[in-house]
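Asks: dropping a prediction and its sequence here:
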Amino acid sequence: MKTTANDAAGAAKDNIGEAGAAGPRILSLSAITLATRDMERAVRFYEALGFLQKYGGPFESFTSFELGGTFLNLIADARGPAGWWGRVIVYVSDVDAMHRKALAAGLVPEFQPLDAPWGERYFHIVDPDGHELSFAKPLV
């Protein structure tokens with residue numbers, strides 16, 4: 001089979017889609033790692049919300065929770081977070097049920113679930129080390 005200039009141009013275009021004109025593409029976020037001053041307390045908090053532990057545990061220096069193909073990691077570090085740094089946003093199947101789960105575990109969300117003007121239902125909760133989490137779901 002003979003390759004034409006158009007075939008080569010098409011193949012080059014396909015390769016740009018793979019690697020991008022300036023190099024490789026960013027595909028996804030693999031993990032976020034949060035510092036904790038107290039691993040045992042932090043693991044209890046995340047497990048109470050239903051996070052599934054993949055590695056480590058309450059008496060380890062590093063713990064990973066799997067979230068649908070990505071990971072939320074905890075690392076023991078006495079320095080901990082330095083003031084407000086932002087938030088981790090986690091999509092869930094039912095925001096109101098997640099809010100009820102947090103309350104049932106004795107946790108204190110910052111507010112009741114709200115419908116946001118940008119098209120999500122969400123609420124925030126702060127972990128024991130001051131990391132802000134947002135549990136959200138796109139509105140249909």
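Replies: Cool, the structure landed.

Asks: burial of the closest residue to L49 other than its chain neighbours, as a residue count?
Replies: Of all residues beyond its chain neighbours, the one nearest L49 is A102 (6.2 Å), with distances taken as CB to CB, 6 or more residues apart in numbering. All C-beta spots, glycine's among them, are computed from the backbone N, C-alpha and C. Residues lying near A102 (other CB atoms under 10 Å) number 20.

Asks: separation between K101 and S93?
Replies: Relative to S93, K101 is positioned 12 Å away (CB to CB, to the nearest Å).

Asks: which one's more surrounded, the two?
Replies: Using other CB under 10 Å as the criterion, K101 and S93 rank with K101 on top: 16 against 7.

Asks: the more buried one and I75, how far apart?
Replies: Taken as CB to CB, the span from K101 to I75 is 25 Å.

Asks: could you pull out the strands for this structure?
Replies: Residue ranges of the strands in the chain, as given by DSSP state E, are 31-36, 52-55, 62-67, 70-76, 87-91, 114-115, 120-126, 132-138.
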